[in-house]
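Student: build the 3D model from these lines:
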Amino acid sequence: MATKAEKLMQQARAKAPQPKPVKEAEELRTKKIAYKTYEVVAVSLYTHQSEWLNQAVEALQKVNRQYNRSSLVQEALDRLQEDFKGMKPEKMDEDIHDRQRKRSRGV
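Tutor: Numbers count the residues shown, from 1 in each chain. Below is the predicted model of the structure:
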């Protein structure tokens with residue numbers, strides 16, 4: 001005669017979800033499911049840049065709470081990618097140096 005504990009274990013095993021066969025799991029991975037992956041990257045900012053970033057995030061959060069420093073830096077990188085799209089490295093370097101010179105002159 002099975003004890004109460006044994007009966008409960010049998011019921012639990014019967015109701016427990018079974019692992020999917022490998023084929024089904026592979027099908028799930030290949031479906032068009034938007035998996036978001038990210039990588040943590042440490043960058044150095046000057047104090048004035050960090051302060052500006054924090055102020056910008058604070059102001060934007062008043063409009064939409066979803067903003068944070070990462071989302072703002074990601075937006076900046078997206079814009080930089082758009083600006084540099086199709087440029088050769090030499091042209092990118094020239095563009096960066098031109099902007100740095102203008103900033104140093106206060107233009």
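Student: most centrally placed residue in this protein?
Tutor: Tyr38 (4.4 Å; CA atoms, centre = their mean).
Student: SS state for Val40?
Tutor: Secondary structure, DSSP: H, G, I helix; E, B strand; the rest coil: Val40 is coil.
Student: and for it, the neighbour number?
Tutor: Val40 has 5 neighbours, counted by other CB atoms under 10 Å. (Each C-beta comes from the backbone N, C-alpha and C, glycine too.)
Student: can you tell me how far the residue nearest to the centre of the chain is from Ser71?
Tutor: To Ser71, Tyr38 is 11 Å away according to CB to CB, to the nearest Å.
Student: cool, and Leu8?
Tutor: With CB to CB as the criterion, Leu8 and Ser71 are 48 Å apart.
Student: for Pro17, same thing?
Tutor: With CB to CB as the criterion, Pro17 and Ser71 are 36 Å apart.
Student: looking at those two, which is more packed in?
Tutor: Per other CB under 10 Å, whichever of Pro17 and Ser71 has more neighbours is Ser71, with 13 against 5.
Student: what's the burial count for the closest residue to Leu60 other than its chain neighbours?
Tutor: The spatially closest residue to Leu60, leaving aside those adjacent along the chain, is Tyr67, at 4.1 Å (CB to CB, 6 or more residues apart in numbering). Neighbourhood size, Tyr67 [other CB under 10 Å]: 17.
Student: report pLDDT for Tyr67.
Tutor: We note a pLDDT of 93 for Tyr67 in this prediction.
Student: shouldn't it be in contact with Val57?
Tutor: Yes. Using CB atoms under 8 Å, Tyr67 is in contact with Val57, at 5.5 Å.
Student: how about Lys85, phi and psi?
Tutor: In terms of degrees, to the nearest 10, the main-chain angles of Lys85 are phi -60, psi 130.
Student: sorry, slip of the keys, the one I care about is Ala16.
Tutor: phi -70, psi 140.
Student: for this protein, which segments are assigned as helices?
Tutor: With DSSP state H, the ranges of helices along the chain come out as 4-15, 22-30, 47-61, 69-84, 89-104.
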